[in-house]
Structure formats: C-alpha cells, structure tokens
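1. dropping the sequence and predicted coords here.
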There are 2 protein chains.
Amino acid sequence: MEEAKGLVKHVLLAKFKEGVSESEIEQLIKGYANLVNLIDPMESFHWGKDVSIENMHQGFTHIFESTFKSTEAVAEYVAHPVHVEFANLFLSHLDKVLVFDYKPTTVRV
Amino acid sequence: MEEAKGLVKHVLLAKFKEGVSESEIEQLIKGYANLVNLIDPMESFHWGKDVSIENMHQGFTHIFESTFKSTEAVAEYVAHPVHVEFANLFLSHLDKVLVFDYKPTTVRV
C-alpha cells in the first residue's frame, strides 16, 4: 500500500449552530479559503455540503479539506496566529466539529 | 464558489472494533480498494490513518475516500450487490462509522 510522500490532507467536518445564516456561513467559508493566501504551509482548499443518501453523516452538513506538505506543516498552520484567530471565530459558529488528518495511501489490488 | 462538475467524493470515517487485528484491517482495506475493479461507477480510492494533533478526531482511526462521477453513480454503487456484501462484512468490524458525500467546491478569494 503506497503512502503519498509527505502530503497530508486535513479534513474538517462541521455542523453550524442553528441561527447561523447562509450569508454568515458563506463569509466563514471565504475566510477559511483565504487562509491559503495568508498561511504559507497551507497548499490548497476545497469544501462541500453533504449530499449523501445513506443517512450516516451524523448531522454534519459541511466538509472542508486542505492539504499540507507534511505533518510538520500542519503543526505550523495550527499554531499560526492567523489560523488561531480564524479558528476561534469559526468554531464559535459550530455545533459539532471533527478534524481528521491523514496521508492518502493508494492500494494496488 | 465553483462546484466541481458532477464529481462526488464519498468519505467514510471508521473506528475498528477492539480485537480486530492489523492483518484483518489490511484485508478489509484491500477488499474496499478492490471494489474499484468490481463496481463500474467507482472511479478511485485512497485511505489513511489519523495523524492529527488537535485531538478532535472523535475516536475515528481510519478514513476512506472514493470518487464518483455523480450522485446517481454513488446511488448505483450503494445498491450494487458487491457493495452490499462488502459493506455488511466491513461494517460488522466497526465500532463507529460516518459517511459524508460532497461535490468539492473551490473558492477564489
């Protein structure tokens, strides 16, 4: 099973609090996306809303995926003052959150 | 915010039951990966173990990401007899599971 060299995917699942409006959510998503411009080790960002049909999403409504060159780069991002400030704002709007980091590995079968 | 045309990412977070061995987990991962060869609408697959440092992974230890051309393709996959058989086996080894499907969207800021 081949592990991608270094690359780390940083996945955040979120459920926004009731009362957080669509326009507030859009501003928070833009703020999250803008971290790519402000925090050097953050390489890329995308997001999406749940469209699953199996009803196993446990109430999470949004996903955010960013990529980093290494686990050290994630640590640098997590500790970066711009991230800390954004995370405090972002998390204050969430009812539920889950963060999972991994090195994508492919399998030849 | 640009939504990827059609492409759907199917993300499964798992925590294996205590007592499931590393070699059993490896066999299950290979079985999951092999679905790409058996189920036409499944386009790609990768997986990874949690390496996060923020302790917000809520006990989940493994992630599996597969891609599909559309939500219809995911529905075809979910209903496919080979998937149903594998899912029954796979889920019987899990303590926790979460499934989230989304259309990756990028943001220009």
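-> Thanks, I have the structure now.

2. which residues does the host helix or strand of A:Val99 contact?
-> Assessed by DSSP states H and E, A:Val99 sits inside strand A:94-102. For strand A:94-102, contacts defined as C-beta atoms under 8 Å, 6 or more residues apart in numbering or on different chains pick out A:8-18, A:58-60, A:71, A:74, A:91, B:13, B:47-54, B:56-58, B:60, B:63, B:98. Every residue, glycine included, has its C-beta placed from N, CA and C.

3. which of those residues fall in strands?
-> A:8-16, B:13, B:47-49, B:63, B:98 (DSSP state E).

4. between those, which sits nearest A:Leu28?
-> Proximity of those to A:Leu28 (C-beta to C-beta) peaks at A:Phe16, which lies at 8.2 Å.

5. count the residues that sit near the closest one.
-> A:Phe16 has 19 neighbours, counted by other C-beta atoms under 10 Å in any protein chain shown.

6. B:His62 versus the nearest residue to A:Val11 once chain neighbours are set aside, what's the distance?
-> Once flanking residues are discounted, A:Val11 sits nearest to A:Phe100: 4.7 Å by C-beta to C-beta, 6 or more residues apart in numbering or on different chains. Separation of A:Phe100 from B:His62 (C-beta to C-beta, to the nearest Å): 9 Å.

7. same question for A:Val78.
-> As judged by C-beta to C-beta, A:Val78 and B:His62 stand 22 Å apart.

8. A:Ser70 now?
-> Distance from A:Ser70 to B:His62, by C-beta to C-beta: 20 Å.

9. looking at these two, which one has more neighbours?
-> Neighbour count, other C-beta under 10 Å: between A:Ser70 and B:His62, B:His62 has more, with 20 against 14.

10. filter the contacts of strand A:94-102 to the buried ones?
-> Among those, those buried by neighbour count (16 or more other C-beta atoms under 10 Å in any protein chain shown) are A:8-16, A:58, A:60, A:71, A:74, B:13, B:47-48, B:50, B:52, B:57-58, B:60, B:63, B:98.

11. assumed A:Asp40 was part of a helix.
-> No - under DSSP: H, G, I helix; E, B strand; the rest coil, A:Asp40 sits outside any helix and is assigned coil.
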